[in-house]
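Q: 3D, please:
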Amino acid sequence: MLGSILMNREKSIVDGKYEGVLNEIMYENLNEEIWTILNNTPSVICTFHFGSMQVINHFFAFHKIDYVFIASKKTLDDHLGDFLEMAEVQSKVYGNIELDFIEADECNAAFKMLKSLKKGKHLLIYIDGNTGTGYNSANLNLSRIEFLSKTLYVRNGAATLSFFAKVPLIGAISYRDRNNQITLRFFDPVFPPEFENKEGFIGTTMQYLYDSLSSLLKLFPEQWECWIYLHSFIRSEDFFSENLVGEKAFSNSEYYQFNQIDFGLWKVDDRGYLFNKRDYTFYLLEGNYYNYLKDNSNNKLKREEIDSELIDRCVFVPV
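A: Numbers count the residues shown, from 1 in each chain. Below you'll find the predicted structure:
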């Protein structure tokens, strides 16, 4: 069995594809340096809720790579049964393995993670979603990065652990290409000793990881599960302009236009709705309101032609 695994490893580095248990998976950038780290050195593995995101767990189980799964208490409460079921299947298919996990919300979680690294185990952390941070951008465990041309606050605990433990950090992401081929892509490892200070390492590393995510996100946006969290961590100032204030500031404005930046229109079962893009609220439009807004979505209207409530709510703004 060991000889078979070694042969598969050698083959994977040459042509990027396993012919063994995971023979349906393509591998990208799974080079000799990364193999050496995975088999000889503890590290922090950062991944995302993207594509076939459980592939990396099967990859580790098949190759007997000893790792600890890091998750929030809520995630474990909601999905522990799924994790245990997956571990049971992996034990039957790949041989006896143990499911080892740490609750990220525990007060001594960082100590447990550092202890696991000292024992030679890898830490597997899903760094997106930001569960466990309290949804507060002032949280000291968040870093500010540029993401899809906006400013985003992201968890930086993985990079912090890597820095203090002086172990490599490796990014990995699974995705389906345009031919529906499942691919597990590894990013080049980052090494803390190459940086002079913690802040430099953390900032550069988190930006690097999310840049790597962005490159796939632009191609396959539907494969990311964390869009729902994004509105809580985008810097809100990026979405406001001086024009978007209430009626009083524009009491003398003569012409207004439908605010397409912040609002959208759609119909479901012949019912018309107005959608607020900022806070994800929507309003059922009674009577001919939908047709009125639709017909005038590109027109300049005089103030007296517009319902004052639409101006108060900035559905129509000055031009």
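Q: So the residue nearest in space to the middle of the chain: helix, strand or coil?
A: The residue lying closest to the centre of the chain (C-alpha atoms, centre = their mean) is residue 128, at 3.6 Å. Counting by DSSP: H, G, I helix; E, B strand; the rest coil, the backbone at residue 128 sits in coil.
Q: How much space separates it from residue 109?
A: Computed as C-beta to C-beta, to the nearest Å, the residue 128 to residue 109 distance reads 18 Å. Where C-beta positions appear, they are placed from N, C-alpha and C, glycine not excepted.
Q: Just the pLDDT at the residue nearest to the centre of the chain, thanks.
A: According to the prediction, residue 128 has pLDDT 89.
Q: which residues sit in contact with it?
A: 48, 49, 50, 154, 213, 224, 226, 229 (C-beta atoms under 8 Å, 6 or more residues apart in numbering).
Q: Out of the residues you listed, who's the most crowded?
A: Ranked by the number of neighbours (other C-beta atoms under 10 Å), these place residue 48 first, at 25 neighbours.
Q: Take stretch 42-55, keep the C-alpha atoms, and write them as CSV.
A: Taking C-alpha atoms only, stretch 42-55 is exported to CSV below (Å, rounded to 0.1, in the frame of the first residue of the first chain):
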residue,chain,number,x,y,z
PRO,A,42,3.6,21.1,10.8
SER,A,43,1.9,24.0,9.0
VAL,A,44,-1.2,26.1,8.9
ILE,A,45,-3.4,25.2,5.9
CYS,A,46,-5.8,27.9,4.8
THR,A,47,-8.8,27.0,2.7
PHE,A,48,-12.1,28.5,1.6
HIS,A,49,-15.8,27.6,1.4
PHE,A,50,-15.4,27.2,-2.3
GLY,A,51,-16.3,24.5,-4.8
SER,A,52,-16.0,20.9,-3.6
MET,A,53,-14.6,22.1,-0.3
GLN,A,54,-14.4,18.7,1.5
VAL,A,55,-11.9,17.4,-1.1
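Q: buried stuff in that stretch?
A: For stretch 42-55, the neighbour count (16 or more other C-beta atoms under 10 Å) marks 42, 43, 44, 45, 46, 47, 48, 50, 51, 52, 53, 55 as buried.
Q: Looking at the residues you listed, which gets the smallest pLDDT?
A: On pLDDT alone, residue 53 ranks lowest of the buried residues of stretch 42-55, at 84.
Q: so what's the closest residue to that one other than its chain neighbours bridging to?
A: Nearest residue to residue 53 in three dimensions, chain neighbours excluded: residue 174, at 5.7 Å (C-beta to C-beta, 6 or more residues apart in numbering). Residues in a beta bridge with residue 174, per DSSP bridges, are residue 184.
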